[in-house]
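# Any chance you could fold what I've pasted below:
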Amino acid sequence: MCLLVLAWMKHPRYRLVAAANRDEFHDRPAVPLAWWPGEARVLAGRDLRAGGTWMGVARDGRFGVITNFRDLEAPPAADAPSRGELVPTYLAGTDAPAPYLARLNGSAARFAGFNLLVGDARELHYLSNRDEGGPRRLDPGVYGLSNHRLDTPWPKLVRSRERLVDALEAGEPAPDDLFAILGDRELPEDDARPDTGLPEDWERALASPFVLHERYGTRCSTVLLARRDGHTVVCERRFDAGGRLTGATRLEFDAEAAAA
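Below you'll find the model as predicted:
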């Protein structure tokens, strides 16, 4: 996942509203959003190369999302474990967000750079292994995450977060409204985009919310609407290398914790 905007406990009807783009190489195989065979509590897409996921929810209403941290000066070790395992491990487990991240924090340095958000019906927590602050609980608010620390003001993040605020203030957020945020292909001015050490053509290509490039780009967009009563809607749209829609999935369920 390379762009996420979310509202946590900021809407009278929804505890969580999230919209995210997964950017990846087009030749890396993955399967669409679905309930996982062999782990029926987990609803997510799946990376077929490493077996993990970038974003998912569980039947008890828990949520997890991970983004890579762009750090060209600290490449991962050859034997580094996959960051994609961190979200499904949380979703399939029983730990609350705080103890899960506290335990992970002790071994987080083994992984390539990441940002991880995990939550349940009551709490949302954040951990980056490129941030010395360690895990922390997030207050109700609207947040943005890309390939740097939480709320780093990259133009695409700031613009997407502002548009999410507008959608919330307009009343009832709809999936199409959130997909419109994620589908934004407008590039910032060259002097406004971040300098993360990549070649200039790559910095430019990655600077819009929806990334369009023949080799690497936005593979799917995901919208999550989790109501306070536990009813949850997850929608995914998938795209080819030309940015054309190739498929869509919409699934709904009532979180078990809320139903109980």
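# Please look at residue 81 and residue 109 and confirm they touch.
No. Look at residue 81 against residue 109 with Cβ atoms under 8 Å: they stay out of range, at 11.3 Å. (Each C-beta comes from the backbone N, C-alpha and C, glycine too.)
# So between those two, which is more surrounded?
Neighbour totals were compared for residue 81 and residue 109, and residue 81 leads with 15 against 10 (other Cβ atoms under 10 Å).
# Make sure I have this right: the more buried one is in a strand.
No. Counting by DSSP: H, G, I helix; E, B strand; the rest coil, residue 81 falls outside a strand, being coil.
# mind checking the backbone torsions on it?
Phi and psi for residue 81, reported as degrees, to the nearest 10, are phi -70, psi 160.
# ok, now how distant is it from residue 136?
To residue 136, residue 81 is 23 Å away according to Cβ to Cβ, to the nearest Å.
# Could you do residue 143 as well?
To residue 136, residue 143 is 12 Å away according to Cβ to Cβ.
# With neighbour numbers in mind, choose between these two.
residue 143 (21 against 14).
# so which helix or strand takes in residue 86?
Residue 86 belongs to helix 86-92 when assigned by DSSP states H and E.
# Just the buried residues of that helix, please?
For helix 86-92, burial by neighbour count (16 or more other Cβ atoms under 10 Å) applies to 86-92.
# Tabulate the residues you listed (a markdown table), appending distance to residue 32.
Converted to a markdown table, the buried residues of helix 86-92 look like this (distance: Cβ to Cβ, whole Å):
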| residue | distance to residue 32 |
| --- | --- |
| 86 | 21 |
| 87 | 16 |
| 88 | 16 |
| 89 | 21 |
| 90 | 21 |
| 91 | 17 |
| 92 | 19 |
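# Let me know the closest of those residues to residue 250.
Checking these against residue 250 with Cβ to Cβ, the nearest one is residue 91 at 19.5 Å.
# The closest one reaches residue 62, doesn't it?
Yes. At 5.8 Å, residue 91 counts as touching residue 62 under the criterion of Cβ under 8 Å.
# Figure out the length between the terminal residues of stretch 101-111.
In stretch 101-111, first residue to last residue: 14 Å (Cα to Cα, to the nearest Å).
# which residues are in contact with it?
76-77, 80-81, 83, 86, 95, 114, 116, 118, 125, 127, 129, 134-135 (Cβ atoms under 8 Å, 6 or more residues apart in numbering).
# what about 7 Å?
Defining contact as Cβ atoms under 7 Å, 6 or more residues apart in numbering, one finds that stretch 101-111 is touched by 80-81, 83, 86, 118, 125, 127, 129, 134-135.
# Locate the most centrally placed residue in the chain within the secondary structure: which element?
By Cα atoms, centre = their mean, the chain has its centre lying nearest to residue 65, at 4.3 Å. Assigned by DSSP H and E, residue 65 falls within strand 63-68.
# what separates that strand from the chain centre, distance-wise?
Remark: strand 63-68 is offset 5 Å from the chain centroid, using Cα atoms, centre = their mean, to the nearest Å.
# and it, average pLDDT?
In this model, strand 63-68 carries a mean pLDDT of 97.
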